[in-house]
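**Q** here is my input, please return the structure:
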Amino acid sequence: METTLNISGMTCGHCVASVTEELEALDGVDGVSVDLNAGGVSTAVVTSSRSLSPVELGEAVAEAGYLVVEPSA
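**A** Numbering: from 1, shown residues only. The predicted structure follows:
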């Protein structure tokens, strides 16, 4: 399964590493790919072997110090 997250507040490679580490720590996550948009909304694609709830994904991103946001229209 693939889940795409929109994340605000990320500005550098350290941000990417922090978010990736927290998301990869979730049970069932096989991989994380982050597309950094410094100063804007970055995207993360989470590949997993099970369905991940928006709450657990949001909490993992928040643990890294960032916020999952809705995509802008």
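**Q** what's the separation between residue 15 and residue 66?
**A** Distance, residue 15 to residue 66, using CB to CB, to the nearest Å: 7 Å. In this view, the C-beta of every residue, glycine as well, is placed from N, C-alpha and C.
**Q** what sits in contact with each of these two?
**A** Taking CB atoms under 8 Å, 6 or more residues apart in numbering as the criterion, residue 15 and residue 66 both touch residue 9.
**Q** look at these two and report which has more neighbours.
**A** Neighbour count, other CB atoms under 10 Å: between residue 15 and residue 66, residue 66 has more, with 22 against 19.
**Q** surely that one and residue 8 touch.
**A** Yes. Assessed by CB atoms under 8 Å, residue 66 is found in contact with residue 8 at 6.7 Å.
**Q** what are the ranges of the strands in this structure?
**A** Per DSSP state E, the chain carries strands over the ranges 2-8, 29-35, 41-48, 67-69.
**Q** return the most buried member of those.
**A** strand 41-48 (a mean of 18; mean count of other CB atoms under 10 Å).
**Q** contact partners of that one?
**A** Everything outside strand 41-48 that qualifies as a contact, by CB under 8 Å, 6+ apart, is 1-8, 10, 15-16, 19-20, 23, 26, 28-37, 52, 57, 61, 69, 71-72.
**Q** ok, now stretch 21-37?
**A** For stretch 21-37, the surrounding residues in contact (CB under 8 Å, 6+ apart) are 7, 10, 12-13, 15-16, 19-20, 42-50, 52, 56-57, 60-61, 63-64.
**Q** C-alpha coordinates for that stretch, PDB please?
**A** The C-alpha trace of stretch 21-37 is given here as PDB (Å, rounded to 0.1, in the frame of the first residue of the first chain):
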ATOM      1  CA  GLU A  21      13.000   7.900  10.800                       C
ATOM      2  CA  GLU A  22       9.700   8.300  12.700                       C
ATOM      3  CA  LEU A  23       7.600   7.000   9.800                       C
ATOM      4  CA  GLU A  24       9.900   4.000   9.300                       C
ATOM      5  CA  ALA A  25       9.500   3.100  13.000                       C
ATOM      6  CA  LEU A  26       5.800   2.400  12.500                       C
ATOM      7  CA  ASP A  27       4.800  -1.300  12.300                       C
ATOM      8  CA  GLY A  28       4.300  -2.400   8.800                       C
ATOM      9  CA  VAL A  29       6.200   0.400   7.000                       C
ATOM     10  CA  ASP A  30       8.500  -0.900   4.300                       C
ATOM     11  CA  GLY A  31       9.800   2.400   3.000                       C
ATOM     12  CA  VAL A  32       9.500   6.200   3.000                       C
ATOM     13  CA  SER A  33      10.300   8.600   0.100                       C
ATOM     14  CA  VAL A  34      10.200  12.300   0.900                       C
ATOM     15  CA  ASP A  35      10.100  15.100  -1.700                       C
ATOM     16  CA  LEU A  36      11.400  18.200   0.100                       C
ATOM     17  CA  ASN A  37       9.800  21.600  -0.800                       C
END
